[in-house]
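Student: Model the following, please.
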Amino acid sequence: MALHERTPLLQSNGARSPTTSGEQGDPTRLIADAVSRISSVSLDPEVIQDILTTESTLGQGYSPTDYGYALTVLLSYREQKVKQQTAPELDLYGQWTQEQAAHKDAEALDKLVGTLWGQFLLHYRTDKEVDTVLWSQFSQDATSGVVLQVADFLATPNPPISLLTHPLTEAAIQRRWKSGRHYAVNQPSTLLQRIDTLVGTPRNVHFIALISKFTYLALLAHYVIYPPGRVSTDGSLTEFIGPYEEALFIFTLSLGLFLPSPSSLPYVGVLAALVLPSPGLAQPGDGFFDVLLIVLAFQILTLHTTPYINPLFIKPFPASLPLAGFVQQSISDGVAPTLLYFLPLLIVSTLLLSSSLDDYHYFDWFRQTLTSLTSVIPAPMETRNMFLIIALAVLFGVFFSIFATTVAASSIKASSPASRSYWDRFGVGIGERSRVVAACACDKYGAPYLFPPPFNLLSAILVRPVEFGAKRLGRSLEFAEKLHIWLWRLTVLPFLFVAFVILKVIG
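Tutor: Model (predicted):
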């Protein structure tokens, strides 16, 4: 995810299939009902008891599911207040007073969230109970099929800071990422289910997705270095559609369909560049080949800023995300404005200098130098030019990162408010955004029996049609759920074992 953004990408909370949902809350308790009830009363501590108390809890203690439901209700109402738009027909003073009222309500809801979370923590809680509060899912209403959980609101652009930065919440997110639904106690009854929870963790699934992305980048780089249909150095003609091109198409399609978001657009560009020249393929000199070069360069340079599939997620979140957030913020707040400020001067001065010197021979020499390389390197000219740009950009990024993390870091730490959390060592704002990124990644990979690319294509071909047919015919989804689980065990589980061993070695 782009850690330098002020508002990280907001995930969409849509209907989740039974085979990919998280912990199930009480299906009879709807979020919309409670939100409409508390919206007509004053936001005081009695609201908490009103949400917690039902016929099933009357005269009994409250369960973690009850606390999860109450927190989800408060956070859902808070999200409405944060997103509330001012009425356009009001004058400036009316809009200002409406914004102030919504801000005041959001602050009151933040206090209620903190009170409720503290009430839950008054007694000893196991890891599973904490996870139940944060990841139990409840239906928003009776018709839309949308489900909500507390963790969804931790991954929004305006999260509840007191809950997000609570030490137990931080620890729960890190434990959930590393261990998933595997607990030291209360393990599943069957050995196979224990294995599923042991190795089917968000971290392991992400590792397979990351390997798939690296494989995709390697295949795309192979394509632009050795385009099919060109005469090689030994005089043979490379075939147009071979195993590399087929594999590139499969990995591109699977990565584009996995967790769809705006970051999937480059994969759409690659698919278009591969399919549109049919029956041929993209070749050096045409626009489709240039699209592949641009996408490859973009994805290499933004490898650490893409959401959901990111090498930074291999290491513990507090160690990697704040550092990346600091470097990216330094680039966006320092280098980019400076370049933008001097860009007109650079363009004008360069044109004036070139006109005064009539320095066209220099550019001819530069082009001749690059052209002479074709006798040694069989790669196309467009590929070598783009690789030169990538190398220079990476070299500049390395030098700036060294400066930013060694010279400027001390001043940032000195000027930032004191915090005991390791997340906030580069500033409280960066620490908060890094926690949001961690919560978002944990939520996206938290579903059980998740198919990472390229295995998600198998699920789309074999499971989704069965599930769709059962819904249309009004039949039970039990067979689709079993098919989903066993297909996952036969295809994904063996690779998760390998990922489990590798990540244990990495630490």
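
Student: May I have the phi/psi pair for residue 139?
Tutor: Per-residue torsions, residue 139: phi -70, psi 140 (degrees, to the nearest 10).

Student: So it sits against residue 72, correct?
Tutor: No: using CB atoms under 8 Å, residue 139 is not in contact with residue 72, being 10.4 Å away. Heads up, the C-betas are built off the backbone N, CA and C, glycines and all.

Student: Return every residue with contacts to both of the two.
Tutor: Here residue 139 and residue 72 have residue 31 as joint contacts, going by CB atoms under 8 Å, 6 or more residues apart in numbering.

Student: what about those two, which has more around it?
Tutor: residue 72 (29 against 21; other CB atoms under 10 Å).

Student: which strands and helices sit next to the strand or helix carrying that one?
Tutor: For residue 72, the host element (DSSP states H and E) is helix 64-83. Secondary-structure packing of helix 64-83 (3 or more CB pairs under 8 Å, 6 or more residues apart in numbering; DSSP states H and E): helix 31-38, helix 46-52, helix 92-120, helix 127-135, strand 136-139, helix 150-154.

Student: Tell me the buried residues in the second one?
Tutor: The neighbour-count check on helix 46-52 (16 or more other CB atoms under 10 Å) flags 47, 48, 51, 52 as buried.

Student: a markdown table please, covering these and showing distance to residue 92 and pLDDT.
Tutor: What follows is the buried residues of helix 46-52, written out as a markdown table (distance: CB to CB, whole Å; pLDDT from 0 to 100):
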| residue | distance to residue 92 | pLDDT |
| --- | --- | --- |
| 47 | 32 | 77 |
| 48 | 36 | 80 |
| 51 | 36 | 80 |
| 52 | 41 | 78 |
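
Student: Surely residue 197 is in contact with residue 182?
Tutor: Yes: using CB under 8 Å, residue 197 makes contact with residue 182 at a distance of 4.2 Å.

Student: For the stretch 351-500 of the chain, which segments count as helices?
Tutor: Listed in chain order, the helices of the stretch 351-500 of the chain (DSSP state H, counting those that start in this stretch) span 360-372, 381-403, 409-415, 428-444, 456-458, 464-473, 478-491, 493-506.

Student: So which of these is the most surrounded?
Tutor: Stretch with highest mean neighbour count among the helices of the stretch 351-500 of the chain: helix 428-444 (a mean of 24; mean count of other CB atoms under 10 Å).

Student: picking up where we left off before, will you turn the helices and strands packed on helix 64-83 into CSV that also has distance to residue 323?
Tutor: Output for the helices and strands packed on helix 64-83, formatted as CSV (distance: least, CB to CB, whole Å):
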stretch, distance to residue 323
helix 31-38, 37
helix 46-52, 38
helix 92-120, 28
helix 127-135, 26
strand 136-139, 33
helix 150-154, 21
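
Student: Kindly state which of these is positioned closest to residue 62.
Tutor: Residue 62 lies closest to helix 46-52 among the helices and strands packed on helix 64-83, at 5.3 Å (CB to CB).

Student: circling back to that earlier point, present the buried residues of helix 46-52 as JSON lines; the columns should include distance to residue 436.
Tutor: Putting the buried residues of helix 46-52 into JSON lines (distance: CB to CB, whole Å) gives the following:
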{"residue": "47", "distance to residue 436": "26"}
{"residue": "48", "distance to residue 436": "25"}
{"residue": "51", "distance to residue 436": "25"}
{"residue": "52", "distance to residue 436": "27"}
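
Student: with these in mind, which one is nearest to residue 168?
Tutor: Closest to residue 168, out of all of the buried residues of helix 46-52 and judged by CB to CB, is residue 48, at 18.7 Å.

Student: which non-adjacent residue is nearest the closest one?
Tutor: Leaving aside its chain neighbours, residue 48 sits nearest to residue 116 (5.3 Å; criterion: CB to CB, 6 or more residues apart in numbering).

Student: Give the full set of residues in contact with that neighbour.
Tutor: So residue 116 contacts 48, 67, 70, 71, 74 (CB under 8 Å, 6+ apart).

Student: so which pair among the residues you listed is furthest apart in space?
Tutor: Taking CB to CB, no two of those sit farther apart than 67 and 74, at 10.7 Å.

Student: Model confidence for residue 252, exactly?
Tutor: Note on residue 252: pLDDT of 94.

Student: Could I get the buried residue list for the host helix or strand of it?
Tutor: Residue 252 is part of helix 243-257 when elements are defined by DSSP H and E. Residues 244-245, 247-257 are the ones in helix 243-257 that count as buried (16+ other CB under 10 Å).

Student: Quick check: which ranges of the stretch 251-400 of the chain have low pLDDT?
Tutor: Scanning the stretch 251-400 of the chain for pLDDT under 70 picks out the ranges 334-336, 338-339, 341-343, 345-346, 348-379, 384, 394-395, 397-399.

Student: swap in the stretch 51-200 of the chain?
Tutor: The model of the stretch 51-200 of the chain has pLDDT under 70 over residues 54-60, 86.

Student: pretty sure residue 383 is in contact with residue 293, am I right?
Tutor: Yes: using CB under 8 Å, residue 383 is in contact with residue 293, at 6.7 Å.

Student: shared neighbours of these two, anything?
Tutor: Here residue 383 and residue 293 have residue 224 as joint contacts, going by CB under 8 Å, 6+ apart.

Student: about what we covered before: what's the most buried one of the helices and strands packed on helix 64-83?
Tutor: Buried most deeply of the helices and strands packed on helix 64-83, by mean count of other CB under 10 Å, is helix 150-154, with a mean of 25.

Student: Please compute how far that helix lies from its chain's middle.
Tutor: Here helix 150-154 is found 14 Å from its chain centre; the criterion is CA atoms, centre = their mean, to the nearest Å.

Student: Which neighbouring elements make contact with that helix?
Tutor: Applying 3+ CB pairs under 8 Å, 6+ apart, we find helix 150-154 packed against helix 64-83, helix 127-135, helix 161-164, helix 428-444.

Student: picking up where we left off before, out of the helices of the stretch 351-500 of the chain, which is closest to residue 228?
Tutor: Of all the helices of the stretch 351-500 of the chain, helix 381-403 comes closest under CB to CB, at 13.6 Å.

Student: For burial, what's the neighbour tally of the spatially closest residue to residue 471 that is not a sequence neighbour?
Tutor: Counting by CB to CB, 6+ apart, residue 477 is the residue found nearest to residue 471 once chain neighbours are left out, at 7.3 Å. Residue 477: 16 surrounding residues under other CB under 10 Å.

Student: pLDDT score assigned to residue 477?
Tutor: 86.

Student: from memory it sits against residue 464, does it?
Tutor: No: using CB under 8 Å, residue 477 is not in contact with residue 464, being 11.8 Å away.

Student: In this structure residue 253 contacts residue 461, no?
Tutor: No: taking contacts as CB under 8 Å, residue 253 lies outside contact range of residue 461: 11.3 Å.

Student: Please, where are all the helices along the stretch 151-300 of the chain?
Tutor: For the stretch 151-300 of the chain, helices defined by DSSP H, counting those that start in this stretch occupy the ranges 161-164, 167-179, 191-199, 202-225, 243-257, 265-275, 287-301.

Student: wait, which of the ones you listed is closest to residue 468?
Tutor: Residue 468 lies closest to helix 243-257 among these, at 15.5 Å (CB to CB).

Student: could you give the angle of the closest one to helix 287-301?
Tutor: Note on geometry: by axes from the mean of the first three to the mean of the last three CA atoms, to 10 degrees, helix 243-257 and helix 287-301 are set 60 degrees apart in direction.

Student: And helix 243-257, what does it pack against?
Tutor: Counting contacts by 3+ CB pairs under 8 Å, 6+ apart, helix 243-257 packs against helix 202-225, helix 265-275, helix 456-458.
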